[in-house]
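**Student:** Need the 3D shape of this:
(one chain, ligands or ions: 2)
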Amino acid sequence: MKKDFAILGIESTCDETSAALLVGGKKLFSNVIYSQIEEHKKYHGVVPELASRAHAAKIATVITEALNGHDIDCVAFAHGPGLPGGLMVGRVAAQTLANFKKVPILGINHLEGHLFACEFEDGEAKNPLSFPLVALVVSGGHTELWYVKNYGQYKVLGRTRDDAAGEAFDKVAKLLGLAYPGGPQVSAQALKGRRDAVDFPRPLLPGTWDFSFSGIKTAVSYYLRDHKDVNVPDVCASFEQAVCETLVKKTLLAAQKYKVKQVAVGGGVAANSLLRDMMTSEGSKLGITVRFVPRKMSSDNAAMIALAAYKRLQYAGEEALQKKWNININPNLKVKNWGK
Ligand code: KG4
Ligand code: ZN
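**Tutor:** Numbering: from 1, shown residues only. Ligands and ions are numbered 1, 2, ... in the order given. Take a look at the predicted model:
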């Protein structure tokens, strides 16, 4: 690959329409993000039909702004997992551009993007991950634990059986009458509350690496049903404590079991301060280094898609560079090993 190889990344899996240009696998020329939060706020969650329409309305402007006249050598778009309507908008935009420019197109797994976003710092991918590691990808749609031997070499250890951790934050926020997205709201309230006020369950599901967060959310709803004059900060602090303890315990147990010294955490919930503090301090007691995605890069963005594409070109080479113009979307895409 030439030194200034330019990859246009496109992200449209959920409620952010984003395009980014990554040059030479390192320098972020742009990372334009249009967030649809305002459109979904009054429904306390993402409405797929509205999301598709907003992606269709914004994608051309977002891409034009990201390119700003720059030429490209490759187009990469998130082809799953995500909402079908949004994925199709990304696919059509990516295929049109790649076909017109006669450059290769890559379909990237959105969750791999969340992991690689950990490498960014100050607009540059300058902090390579060290392998092997255990990765926790924790967002509004997913909660997954992977053993990662190297770039593109994954073993999925477990995933949530019901709600994702971010989804639980969003649902609890709704129960408490707090705004969407719920994570930052619950977290802000939690700062004023007592973390031991209510003993919500810690669903550790021993014997598996899976997660389950719907029970904690249900416990919150029963607590609200059974108590008058609820102290909102106390409920938020206790809920946040229960979720974070569960995530931290299972992730660090997996790191010990798989004998790795590194843990990487990506996805929207990785912005959570309690999770960051708890994972880092508990990890250090075990001699495990914890890498978090920078807060600015934790939620959905196209820079992470472009970086995942660059890594794939570097590590999977020719196979990845074949000029295919047609890449299907897959709303339930699972993480897969890259072919050598
Ligand atoms: O990765 P992301 O932007 O979108 C998905 O791929 O789902 O993650 C969004 C999720 C939302 O559920 C949001 O409530 C949660 O991340 N989130 C947080 C925080 N900031 C965002 N959850 C807990 N604490 C936060 N500070
Ligand atoms: Zn995401």
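
**Student:** Confirm residue 18 sits in a strand?
**Tutor:** Yes - the assignment for residue 18 is a strand, going by DSSP: H, G, I helix; E, B strand; the rest coil.

**Student:** so how far is ligand 2 from it?
**Tutor:** Remark: distance between residue 18 and ligand 2 (C-beta to the ion, to the nearest Å) = 11 Å. For every residue, glycine as well, the C-beta is placed using N, CA and C.

**Student:** go on, residue 52?
**Tutor:** Distance, residue 52 to ligand 2, using C-beta to the ion: 17 Å.

**Student:** That residue reaches residue 87, doesn't it?
**Tutor:** No - checked against C-beta atoms under 8 Å, the pair residue 52 and residue 87 is beyond contact range at 9.2 Å.

**Student:** okay, those two: which has more neighbours?
**Tutor:** Regarding residue 52 and residue 87, a neighbour count based on other C-beta atoms under 10 Å identifies residue 87 as having more, with 27 against 18.

**Student:** for the strand or helix carrying the more buried one, what is the average pLDDT?
**Tutor:** Secondary structure from DSSP states H and E places residue 87 in helix 84-101. Averaged over helix 84-101, pLDDT sits at 97.

**Student:** from memory residue 95 sits against residue 105, does it?
**Tutor:** Yes - counting by C-beta under 8 Å, residue 95 touches residue 105, with 6.4 Å between them.

**Student:** These two: who's more crowded?
**Tutor:** For the pair residue 95 and residue 105, the greater number of neighbours falls to residue 105 (25 against 17), based on other C-beta under 10 Å.

**Student:** Starting from residue 72, give me the distance back to the more buried one.
**Tutor:** Distance of residue 105 to residue 72, computed by C-beta to C-beta, to the nearest Å: 11 Å.

**Student:** what does residue 202 give?
**Tutor:** 47 Å.

**Student:** How about residue 51?
**Tutor:** As for residue 51, its distance to residue 72 is 26 Å (criterion: C-beta to C-beta).

**Student:** and what of residue 183?
**Tutor:** 34 Å.

**Student:** out of those two, which sits in the more crowded spot?
**Tutor:** A count of neighbours by other C-beta under 10 Å puts residue 183 above the other of residue 183 and residue 72, at 25 against 17.

**Student:** Contacts only, for that one.
**Tutor:** Residues touching residue 183, when contacts are defined by C-beta atoms under 8 Å, 6 or more residues apart in numbering, comprise 140, 166, 169, 170, 173, 268, 269, 271, 272.

**Student:** Over to residue 56?
**Tutor:** For residue 56, the residues meeting the contact criterion (C-beta under 8 Å, 6+ apart) are residue 89.

**Student:** Can you verify it is assigned to a helix?
**Tutor:** Yes - assessed by three-state DSSP, residue 56 belongs to a helix.

**Student:** what pLDDT does it get?
**Tutor:** 98.

**Student:** and the gap between the closest residue to ligand 2 within the stretch 201-340 of the chain and ligand 1?
**Tutor:** Proximity to ligand 2, evaluated over the stretch 201-340 of the chain using C-beta to the ion, is greatest for residue 300 at 4.4 Å. With distances taken as C-beta to the nearest ligand atom, to the nearest Å, residue 300 is found 4 Å from ligand 1.

**Student:** Now that residue. Nearest residue, chain neighbours left out?
**Tutor:** Once flanking residues are discounted, residue 300 sits nearest to residue 16: 4.1 Å by C-beta to C-beta, 6 or more residues apart in numbering.

**Student:** where does the residue of the stretch 101-250 of the chain found nearest ligand 1 land in three-state SS?
**Tutor:** Going by C-beta to the nearest ligand atom, ligand 1 is nearest to residue 183 of the stretch 101-250 of the chain, at 2.0 Å. Judged by three-state DSSP, the three-state class of residue 183 is helix.

**Student:** Offset the numbering so it begins at 54, please.
**Tutor:** Sure thing, new numbering starts at 54, so read that last one as residue 236.

**Student:** what are the bridge partners for the residue nearest to residue 353, then?
**Tutor:** Beta bridges link residue 69 to residue 88, judged by DSSP bridges.
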